[in-house]
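Colleague: mind folding the following:
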Amino acid sequence: MRYAISDTPSAFDQVAADYDREFTDTALARTLRAIVWSRLAEHFQPGTRVLEIGCGTGEDAVWLAKRGVHVVATDVSPAMLDVTRQKVERAGVADQVETLVLDAASPDFAALRARVRAGDPNRGDAVGEPLTTGAGGAFSNFGALNCVGDLRPIANALAEWMQPGGRFVLVLINRWCAWEILWHLVHLQPRVAFRRLRRDGVDAKVGDGTVHTWYPSIGSIRRTFAPGFKLMRVTGLGVFLPPSYLEPVVAKRPRLFRLLTWLERAMASALPLNRVGDHAIIEFECTLFVDRAELGAIGQKT
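Modeller: Numbering: from 1, shown residues only. A predicted model of the protein is given here:
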C-alpha cells in the first residue's frame, strides 16, 4: 500500500514561511476557515481535549485555544510546527496548545501512541504524554489527510483514543468539485478537470517537491470510519466560492465575492450541493470505544 512519497515533510517545510501570506491571510481563505470554525464551535466546548491532525501553521489551534479548548496540534512538518509555536506564544495561549511532530501517513499510525508513551526522542519537542489519555474530539482541516492513501489506521487509532460521544471533524479535498470541472472544461483541459477521479491519486506540487494526493469519495470515508464512528453531517466547502488557486477570480470582483459568500453560507449544506464543493466538512460521532483485539478483528475483515 502506498501512503505518501518520502519528501512530504520537506515539501511542507519549504512552504511554511509563506503559507499564511499566500493562503491563510487571503479573503477567500478567511471566509472558508470561518465556515469551518462554525462547525468546530458546534462540537468542541471549552475544556475539551482535542487532537488536531495536520495543524499547518496553527491558525485553527490558536482559535480553539482562545475559546478554552486544549489542543494537541500535530503535523508532519517541523517547520510548520515552528510557525505554530510562534503563533501560539504571540497569542498568549501556550498553556492551551501542545505541539507534536506526527506523520499521519505512517502505515501504523496507532503504534505512534506507544512511541509517545515511551518518550521517543525522535517524536519532536517534549510535551508530556498528549496521546496517552482519551481525547474528547479530533479534527483535520483543509485536506491534510488527502496526503494519506489508507485512512483505516487513523480511523482505528481515533476509535481507540477518543471517548464515546466525541466528535471528529474531517475537512477533506472533495472528489467532485464543480468549480474545478467547469473551469477546466471551459478552458479545454479535460484531463485536469477530472484529475480527482483517478483512483491512484495524483502528484501535487508543493514548493520544489511533490506530494501524492488522494481524493476519496464521501461514501468510502463513511465506510472507512465505521463501525467506530457514525456520520452525522456533510457540508460542502467551496461550493460557490472557488478553489484557492482560482482566488484571483473573485478577489478582483468584490460584489461577486460577497454574493458567492452569501450563497455558500446559505446553501452549501443542502443535498446535492454539499457533495460538489472543493472541500467537504465531514462530521462524525465516536460511537464506541474499540479495544486492540477488536481492531485486529476489524482489520482482518477489511
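Colleague: could you use CA atoms for every contact and neighbour count after this?
Modeller: OK.
Colleague: which helix or strand contains Leu170?
Modeller: strand 162-173 (DSSP states H and E).
Colleague: now the following helix or strand past that strand, how far from the chain's geometric center?
Modeller: Per DSSP H and E, strand 162-173 leads on to helix 178-186 as the next helix or strand towards the C-terminus. Put simply, helix 178-186 sits 24 Å off its chain's centre (C-alpha atoms, centre = their mean, to the nearest Å).
Colleague: buried residues in helix 178-186?
Modeller: Ala178, Trp179, Glu180, Ile181, Trp183 (16 or more other C-alpha atoms under 10 Å).
Colleague: from the chain's centroid, how far away is the helix or strand hosting Leu260?
Modeller: Using DSSP H and E, Leu260 sits in helix 254-267. With C-alpha atoms, centre = their mean as the basis, helix 254-267 stands 24 Å off its chain's centre.
Colleague: so which elements touch that helix?
Modeller: Contacts defined by 3 or more C-alpha pairs under 8 Å, 6 or more residues apart in numbering; DSSP states H and E place helix 254-267 against helix 247-251.
Colleague: what packs against the helix it packs on?
Modeller: Using 3+ C-alpha pairs under 8 Å, 6+ apart: helix 247-251 touches helix 27-43, helix 254-267.
Colleague: most widely separated two among the buried residues of helix 178-186?
Modeller: Ala178 and Trp183 (8.3 Å; C-alpha to C-alpha).
Colleague: tell me the helices and strands packed up against the helix or strand hosting Phe139.
Modeller: Using DSSP H and E, Phe139 maps to strand 135-140. Counting contacts by 3+ C-alpha pairs under 8 Å, 6+ apart, strand 135-140 packs against strand 49-53, strand 162-173.
Colleague: can those strands go into JSON lines with extra columns for distance to Ala280?
Modeller: Formatted as JSON lines, these follow (distance: least, C-alpha to C-alpha, whole Å):
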{"stretch": "strand 49-53", "distance to Ala280": "16"}
{"stretch": "strand 162-173", "distance to Ala280": "6"}
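Colleague: how about those in TSV, adding mean pLDDT?
Modeller: Shown next, in TSV, are the helices and strands packed on strand 135-140 (pLDDT from 0 to 100):
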stretch	mean pLDDT
strand 49-53	93
strand 162-173	94
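Colleague: so which of these is nearest Thr74?
Modeller: strand 49-53 (5.3 Å).
Colleague: and the closest one with strand 162-173, angle?
Modeller: 30 degrees (axes from the mean of the first three to the mean of the last three C-alpha atoms, to 10 degrees).
Colleague: all strands for the stretch 1-150 of the chain, in order.
Modeller: Remark: strands assigned in the stretch 1-150 of the chain by DSSP state E, counting those that start in this stretch are 49-53, 70-75, 97-101, 135-140.
Colleague: which one, of the ones you listed, ends up nearest to Trp214?
Modeller: strand 135-140 (15.2 Å).
Colleague: alpha carbons only: can I get the closest one in PDB?
Modeller: Extracted C-alpha coordinates of strand 135-140, given in PDB (Å, rounded to 0.1, in the frame of the first residue of the first chain):
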ATOM      1  CA  ALA A 135      -9.400  12.800  23.700                       C
ATOM      2  CA  GLY A 136     -12.800  14.400  23.700                       C
ATOM      3  CA  GLY A 137     -12.500  15.200  20.000                       C
ATOM      4  CA  ALA A 138     -10.300  15.400  16.900                       C
ATOM      5  CA  PHE A 139     -10.200  17.200  13.600                       C
ATOM      6  CA  SER A 140      -8.200  17.700  10.500                       C
END
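Colleague: sheet partners, orientation included, of the strand holding Phe139?
Modeller: When pairing is defined by DSSP bridges, strand 135-140 lines up against strand 49-53 (parallel), strand 162-173 (parallel).
Colleague: which stretches of the chain have low pLDDT?
Modeller: Low-confidence segments of the chain (pLDDT under 70): 1-8, 107-135, 289-302.
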